[in-house]
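# Next comes the sequence, and after it the predicted model I'd like to discuss.
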Amino acid sequence: MAVKLKDIYLGVPDGATEAESKNFEELFYDPNNKYDELMDNEEKFLVIGNKGAGKTYLAKYVLLKAPKKGLKEMVNANDFSIYKLANVSEIGRGKDLMYALCKWYLLDKISKLLLSRHIWKQKVPVTNIYELKKFVTNYDNDSFFKEIKRTDSKTSDGKFGRKSHMKGSPITNEVNCGISIGSSVESERKEFYELITAYEELLFKSISKNDDILLIIDDLDEIEKDKEKAEQIIAALINVTKEYNFKIKKYKGKLKIILLLRSDILNDIQVYNANLSKIKTSCGVELYWLLDSVPNQYEHPLMSMVLHKIKASCPEYRNASNKKIFNEMFPDNIDNKKPLDYLLDYGFGRPRDIITYLNHTKEQYPEESYFSSRALKESRKLYSEDFYNEMQNQASFHKEPEYIKECFLLLQMESKVTFTYEEAQENFENSKERFQVIDDVGNALEFLYEIGAIGNVWRVNKRAHTCWAYKKDAMDKADLKKKFTIHYGLRKKFSY
């Protein structure tokens, strides 16, 4: 009985969703050993890649393979509330405050992970865990910026966790960073960053040699709607994470904090810290799937991923070679293009693109025995809608929604897939009443180039060259003197 498209499983575009599959470990595919690079190297903590490149997918596998007795958690932007730790207006004070906010956030997350294990120690006053629990309890509430200060400083030795009072003076239940103090008090605003050193010292001392802690932070592009503020938070968080991953080495326990970050966002935030470029090089694990060339199509990482999932999900192909599966499941060519080249043209060279495209074909033609040329071409319309929505979502970090909509409107108004800056300018002038936000066509085209909606195209000695921003060898900025071409993935959306 021949295998049909409905019989195979290719995964889903969302890595977090696929990770819930009961055979996720078998389906997981890591052609460049990024898992080993991340976990075997103490310096590596930053997973970098375009949206849809597999960052969350890799992180879920890291969690799966973490020691069963270890402490592990993955948090996303919904949990990332460091900007709530102080009045929003205070964040404008500068990067020092942002740095402190990031420290407090990580200390809070790690402390709660640790406390979730050592329940009984929290009841023993002589332990560090007991003192850590007391600290977290005192400051994990709306009034944790408050401290009760004794007017007579002589009654307190000022050391964390120790009691001191004048003989005969009553002891109250008020707590000052773990310090019990006398009855003569006044309420004052407490700047939280004054507590951080004590918090760090207590937390790291509380981690024992048997504690193996893993904290992964995802969806950093959704931290904050204010782009500038979000970039400042992310830049600070990267530096704090690097500091804490190295700091724990001085103590007995094991701690690894991993950040998942989009490549385009990392490029944008370089201006906030000159060291970020060095951190990217020495501490980053980059997910990039586009190879310049491979001897055979079935050896390309993206196609190998597809074939790996077919093997894992279909008993008939479990022991077959990649070459055999590829030859049976894909046509020789599609519109005079090799099938791999055709699929790559319709995406950004990410697993998400190729899985989305093939899943649409599979759903439309479940009874087909292979991905025929006809079936793949008929799937373009549905795929193009998904690709367009995904591109809009990715662009939303960089520009306001209305600006993004008008940029795509500029493309819709083109009468052909290849055009010049002058032609775009003319269309803009002829329909100026439809544009309320765009005031410079050149800037709009540069933005469209940056997000991959268009690429530069030119000829040298009758040979066509195309430059896409998502490729490693791309120009950083669009060349307004060269022609532009609309991405294949968008063309059906715009009825080309």
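Everything's here; your move.
# ok, S206 - contacts?
Contact analysis of S206 by CB atoms under 8 Å, 6 or more residues apart in numbering lists S111, L114, H118, N128, I129, E131, L132. In short, each C-beta sits where N, CA and C put it, glycine included.
# Give me the subset of those residues lying in strands.
Using DSSP state E, the subset of these located in strands is empty.
# and the nearest residue to N427 once chain neighbours are set aside, what does it touch?
Nearest residue to N427 in three dimensions, chain neighbours excluded: M413, at 4.6 Å (CB to CB, 6 or more residues apart in numbering). Neighbouring residues of M413 by CB under 8 Å, 6+ apart: N427, F428, S431.
# Now secondary structure and pLDDT too, for those residues, in CSV please.
Below are those laid out as CSV (DSSP: H, G, I helix; E, B strand; the rest coil; pLDDT from 0 to 100):
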residue, secondary structure, pLDDT
N427, helix, 95
F428, helix, 96
S431, coil, 94
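# Adding neighbour count and distance to Y421, write those residues out as a markdown table.
Putting the contacts of M413 into a markdown table (neighbours: other CB atoms under 10 Å; distance: CB to CB, whole Å) gives the following:
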| residue | neighbour count | distance to Y421 |
| --- | --- | --- |
| N427 | 19 | 11 |
| F428 | 20 | 10 |
| S431 | 12 | 16 |
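# Now flag whichever of the residues you listed is closest to A478.
When the contacts of M413 are ranked by distance to A478 (CB to CB), F428 comes first, at 15.9 Å.
# Let me see the contact set for the closest one.
L410, M413, F435, I438, V441.
# do you know how far the residue nearest to the third one when sequence neighbours are not counted is from E42?
In space, not counting the residues next to it along the chain, F435 is nearest to E406; the distance is 5.3 Å by CB to CB, 6+ apart. In this structure, E406 lies at 47 Å from E42, with CB to CB, to the nearest Å as the measure.
# So those two - more neighbours on which side?
Each of E406 and E42 has its neighbours counted (other CB atoms under 10 Å); E406 has more, 18 against 12.
# Against which helices or strands is whichever helix or strand that one is part of packed?
For E406, the host element (DSSP states H and E) is helix 401-412. Packed against helix 401-412 by the contact rule (3 or more CB pairs under 8 Å, 6 or more residues apart in numbering; DSSP states H and E) you find helix 380-395, helix 421-430, helix 441-450.
# Could you look over these and pick the most buried one?
Per residue and on average, the most neighbours among the helices and strands packed on helix 401-412 fall to helix 441-450, with a mean of 20 (mean count of other CB atoms under 10 Å).
# Can you give the contact residues for that one?
Residues from elsewhere that reach helix 441-450 (CB under 8 Å, 6+ apart): 264, 395, 398-399, 403, 406-408, 410-411, 421, 424-425, 428, 438, 454-456, 469, 477-478, 480, 484.
# Buried ones from those residues, can you make that a ChimeraX selection?
A single ChimeraX command selects the buried members of these (16 or more other CB atoms under 10 Å):
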select :264,395,398,399,403,406,407,408,410,411,421,424,425,428,438,454,455,456,469,478,480,484
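# Could I get the full set of strands for the stretch 51-200 of the chain?
71-75, 146-150, 175-176, 179-180, 185-189 (DSSP state E, counting those that start in this stretch).
# low pLDDT regions in the stretch 151-300 of the chain?
Within the stretch 151-300 of the chain, the stretches with pLDDT under 70 are 151-191.
# Let's see that with 80 instead.
The stretch 151-300 of the chain contains residues with pLDDT under 80 at 151-193, 222-226, 249-253, 271-274, 292-293.
# How about the stretch 301-450 of the chain?
Short version for the stretch 301-450 of the chain, where the test is pLDDT under 80: none.
# remind me, longest helix of this protein?
Counting residues, the longest helix found in the chain (DSSP state H) is helix 95-117.
# in that helix, what's buried?
Using 16+ other CB under 10 Å as the test for burial, helix 95-117 gives 97-111, 113-115, 117.
# just stretch 469-482 next, same as before
Buried residues in stretch 469-482, counted by 16+ other CB under 10 Å: A469, Y470, K471, A474, A478, L480, K482.
# for the longest strand along the chain, packing partners?
The single longest strand within the chain, with elements called by DSSP E, is strand 254-262. In terms of contacts (3+ CB pairs under 8 Å, 6+ apart), strand 254-262 is packed against strand 46-49, helix 55-65, helix 95-117, strand 212-217, helix 227-247.
# give me that answer again for 7 Å
Judged by 3 or more CB pairs under 7 Å, 6 or more residues apart in numbering; DSSP states H and E, the packing partners of strand 254-262 are strand 46-49, helix 55-65, strand 212-217, helix 227-247.
# Out of the ones you listed, which one sits most buried?
By mean count of other CB under 10 Å, those have strand 46-49 as the most buried, with a mean of 24.
# and E406, how far is that from E400?
Counting by CB to CB - E406 and E400 are separated by 10 Å.
# Next, the distance between the ends of stretch 199-213.
17 Å (CA to CA, to the nearest Å).
# just to revisit the earlier point, tell me the one of the contacts of S206 nearest K324?
The closest of the contacts of S206, once distances to K324 are taken by CB to CB, is L114, at 50.9 Å.
# tell me the phi and psi of E414?
Phi and psi for E414, reported as degrees, to the nearest 10, are phi -70, psi 140.
# Run a quick neighbour tally on it.
Using other CB under 10 Å, E414 has 17 neighbouring residues.
# out of the helices and strands packed on strand 254-262, nearest to G489?
Closest of the helices and strands packed on strand 254-262 to G489 is strand 46-49, at 18.3 Å (criterion: CB to CB).
# Parallel or antiparallel, list what pairs with the closest one.
Strand 46-49 sits in its sheet next to strand 254-262 (parallel), strand 284-287 (parallel), going by DSSP bridges.
# So for that strand, mean pLDDT?
Strand 46-49 shows a mean pLDDT of 96.
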